[in-house]
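S.K.: Model the following, please.
(one chain, ligands or ions: 2)
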Amino acid sequence: MQTLQVALGERSYPIHVGDGLLGSIGQWLPATKSARAIIVTNPTVASHHLTALHGGLTRAGISHDTVLVPDGEAHKDWRALNTIHSRLIELGAERSTMLMALGGGVVGDLAGFAAATYQRGMPLVQLPTTLLAQVDSSVGGKTAINHPLGKNMIGAFYQPCVVVIDTSTLSTLPQRQYVAGLAEVLKYGAACDVSMFSWLESSLELLLARDAQTVARSIAQSCRIKAAIVAGDERETGARAMLNFGHTFGHAIEAATDYDGSWLHGEAVAAGMVMAGELSVRVTGLQSGENLRLRELIKRAGLPIQGPRLETEHYLTLMARDKKVQEGAIRFVLLEALGKACLRSDVSMEDIVAVLAG
Ligand code: NAD
Ligand code: GLY
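M.R.: Numbering: from 1, shown residues only. Ligands and ions are numbered 1, 2, ... in the order given. Presented below is the predicted three-dimensional model:
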């Protein structure tokens, strides 16, 4: 069991990481907790992990109801948000009632936005059950729904009051989803921490085999890096943008395939990191040996190292919708070295086109 802290003044909160924490949830909630909770989850996650959470809440004397939303990125939308809001009103949820997001990043982002907006804000408890959500989306307070014209376009920064990471939930996660989550773990090493990157190079086989200790260490280390960055730049005016390494190309890949599941977020980010590595060699002078290490680690993880073949113009149009675009210029997160990312808006069209051409 490990506890980390996201230091945000009076909105600071702990991240608890351990095996079987849902069953003892009462121990991990804030002392000021309400005696009532509403759980938001989907049928897939509910079938595996709702019983453990029910048991934990019942033992803690916390009354609870469950709201089910449909599974999938396509349902991270205003309809599902409206379903949650309607049920909260019907169930007579109060401003102090805890909203618990049990699931992956889709449930976490959606329920998080519902918590931010219901009665202008209710306590949010993140209970992430995918590797991606455990190392990334449950921490840091980005909540959102998709708009037909763009992903995550409608949302709010709204911090949870606690993140409880029960690593045993990963036992039911399909391998493809697990490996996609690993892309975000590799991202922390590549963009923020070269010693973590080296550790990942030597521990990858154990991680792929889901060795419990290695997985827990990778989650804790990822959360530690994210917590420190969020504490220094909650609203992404500076350093937090580094967490988007690989995402400018990655989001374009997801958008080009209409989020139809042919490319999972982590898979698109993986190919995006390879493209950003290539661009770094051209723009920042990243050593080609370091770029090769990045590419090799992504490949060894079984993640894609090449995006889909799209017209260059199509990529450019999609990348121009990135939320990092400022005054019309695409800003790229690039590597100066492994573990040292930087934000650059002075990238020539010639270099971008060369990377897109592969
Ligand atoms: P997801 O939430 O769709 O989960 C993937 C699949 O796994 C779903 O079918 C889900 O039902 C299933 N699942 C979840 N936990 C399971 C378990 N323990 N066992 C079996 N199946 C399980 O996808 P994701 O990859 O977790 O999250 C992607 C979303 O996260 C995207 O919408 C992305 O925009 C968002 N995101 C947000 C942030 C942030 O900072 N808020 C960061 C990164 C990504
Ligand atoms: N996933 C990037 C961030 O939370 O800022």
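S.K.: With residue 163 as the reference, measure out to the closest residue to residue 264 other than its chain neighbours.
M.R.: Nearest residue to residue 264, sequence neighbours excluded (C-beta to C-beta, 6 or more residues apart in numbering): residue 180, at 4.1 Å. (C-beta placed from N, C-alpha, C; glycine too.) For residue 180, the distance to residue 163 equals 20 Å [C-beta to C-beta, to the nearest Å].
S.K.: Neighbours of the residue of the stretch 151-300 of the chain found nearest ligand 2, how many?
M.R.: For the stretch 151-300 of the chain, the residue closest to ligand 2 is residue 243, as judged by C-beta to the nearest ligand atom, at 3.9 Å. Neighbours of residue 243 under the rule other C-beta atoms under 10 Å: 24.
S.K.: Now do the same for it: its pLDDT.
M.R.: We have a pLDDT of 97 for residue 243.
S.K.: hang on, isn't residue 186 packed against residue 297?
M.R.: Yes: in this structure, residue 186 is within contact of residue 297 by C-beta atoms under 8 Å, at 6.1 Å.
S.K.: Looking only at neighbour counts, state which of residue 180 and residue 163 leads.
M.R.: Neighbours per residue (other C-beta under 10 Å) separate residue 180 from residue 163, with residue 163 holding more: 28 against 25.
S.K.: you'd agree that one is in a strand?
M.R.: Yes: under DSSP: H, G, I helix; E, B strand; the rest coil, residue 163 falls within a strand.
S.K.: Would you quantify the distance from the residue nearest to residue 264 to residue 258?
M.R.: Residue 180 is 17 Å from residue 258, by C-beta to C-beta.
S.K.: returning to what we had before: common neighbours of residue 186 and residue 297, please.
M.R.: Residues touching both residue 186 and residue 297 by C-beta atoms under 8 Å, 6 or more residues apart in numbering: 197, 200.
S.K.: the more surrounded of those two?
M.R.: Set side by side, residue 186 and residue 297 show more neighbours around residue 186, with 28 against 21, by other C-beta under 10 Å.
S.K.: Could you look up the SS state of the more buried one?
M.R.: Following three-state DSSP, the label given to residue 186 is helix.
S.K.: show me what contacts it?
M.R.: Taking C-beta under 8 Å, 6+ apart as the contact definition, residue 186 lies against 197, 200, 270, 273, 297, 298, 301, 303.
S.K.: restrict those residues to contacts with ligand 2.
M.R.: The subset of the contacts of residue 186 within reach of ligand 2, by C-beta under 6 Å from any ligand atom, is empty.
S.K.: ok, so of these, who is nearest residue 74?
M.R.: When those are compared for distance to residue 74 (C-beta to C-beta), residue 270 wins out at 22.0 Å.
S.K.: do you know how far the residue lying closest to that closest one once chain neighbours are set aside is from residue 265?
M.R.: Closest residue to residue 270 apart from its sequence neighbours, by C-beta to C-beta, 6+ apart: residue 303 at 3.6 Å. Note on residue 303: its distance to residue 265, by C-beta to C-beta, is 12 Å.
S.K.: what about residue 104, how many residues close to it?
M.R.: By other C-beta under 10 Å, neighbour count at residue 104 equals 28.
S.K.: Next up, phi/psi of the nearest residue to it once chain neighbours are set aside, please.
M.R.: In space, residue 104 comes closest to residue 130 once its chain neighbours are excluded; the distance is 3.6 Å by C-beta to C-beta, 6+ apart. Residue 130 adopts backbone torsions of phi -110, psi 160, taken as degrees, to the nearest 10.
S.K.: How many residues are close by residue 130?
M.R.: Neighbour count for residue 130, taken as other C-beta under 10 Å: 26.
S.K.: Check residue 311 too.
M.R.: With other C-beta under 10 Å as criterion, residue 311 counts 10.
S.K.: Likewise for residue 357?
M.R.: Neighbour tally, residue 357, other C-beta under 10 Å: 7.
S.K.: how about the closest residue to it other than its chain neighbours, what does it touch?
M.R.: Using C-beta to C-beta, 6+ apart and skipping the chain neighbours, the partner closest in space to residue 357 is residue 312 (6.9 Å). By C-beta under 8 Å, 6+ apart, the residues touching residue 312 are 353, 356, 357.
S.K.: Out of those, flag the one nearest to residue 79.
M.R.: Using C-beta to C-beta, the contacts of residue 312 come closest to residue 79 at residue 356, 35.0 Å.
S.K.: tell me the contacts of the closest one?
M.R.: With contacts defined as C-beta under 8 Å, 6+ apart, residue 356 is in contact with 275, 310, 312, 315, 316.
S.K.: With residue 71 as the reference, measure out to it.
M.R.: 33 Å.
S.K.: my read: the residue nearest to residue 264 touches residue 261, true?
M.R.: No: Residue 180 is not in contact with residue 261 according to C-beta under 8 Å; the separation is 10.9 Å.
S.K.: Quick check: closest non-adjacent residue to the residue most central in space within the chain.
M.R.: The centroid of the chain falls nearest to residue 137 when counting by C-alpha atoms, centre = their mean (2.9 Å). If the residues on either side of it in the chain are set aside, residue 137 comes closest to residue 105, at 3.7 Å by C-beta to C-beta, 6+ apart.
S.K.: I'd like to know how many residues surround the one you found.
M.R.: Neighbour tally, residue 105, other C-beta under 10 Å: 25.
S.K.: okay, it: pLDDT?
M.R.: In this model, residue 105 is scored at 97, pLDDT.
S.K.: again, but for residue 323
M.R.: For residue 323, the pLDDT comes out at 67.
S.K.: Residue 260 now?
M.R.: Residue-level confidence at residue 260 comes out at 82, pLDDT.
S.K.: Done for today, thanks.
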